[in-house]
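Peer 1: Sequence and predicted model, in that order:
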Amino acid sequence: MAFDPSAPWCVSTQVSLRDETFGAMAYHHGNRRLVFLKSPELVELVRRLAQFDSADLAIDAIVAPDQHSRYVRALSSLATSEIVCGR
């Protein structure tokens, strides 16, 4: 599934998040991928993604406006890794 920031997204039900000093580790139990979330803002964004009607709205609520495109790219990468999925 291609990442569309105007669509609603959430953390996959097959993913476990573990807090770390650098942010968090995300482990996908289905495909066995381990992904490092390297900022507290990204961790918060991923955890709260399902609370918003779109990824764009979640990004706008959580990160600074000048960082919007950076977080769209991060979520797109997480979608490719199946850490986040459309809902």
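Peer 2: Structure's in. What do you need?
Peer 1: Let me know whether F22 touches F36 as I believe.
Peer 2: Yes. Between F22 and F36 there is a contact under C-beta atoms under 8 Å: 7.2 Å. To be clear about C-beta, it is placed using only N, CA and C from the backbone, and glycine gets the same treatment.
Peer 1: Dead centre of this structure: give me the residue that sits there.
Peer 2: Central residue of the chain (C-alpha atoms, centre = their mean): V46, 3.6 Å from the mean position.
Peer 1: Show me where this structure has its helices.
Peer 2: 40-48, 55-62, 68-80 (DSSP state H).
Peer 1: Select, out of these, the one closest to D4.
Peer 2: Distance to D4, taken as C-beta to C-beta, is lowest for helix 55-62 among the helices of the chain, at 7.9 Å.
Peer 1: Please name every helix or strand in contact with that closest one.
Peer 2: The contact analysis (3 or more C-beta pairs under 8 Å, 6 or more residues apart in numbering; DSSP states H and E) places helix 55-62 against helix 40-48, helix 68-80.
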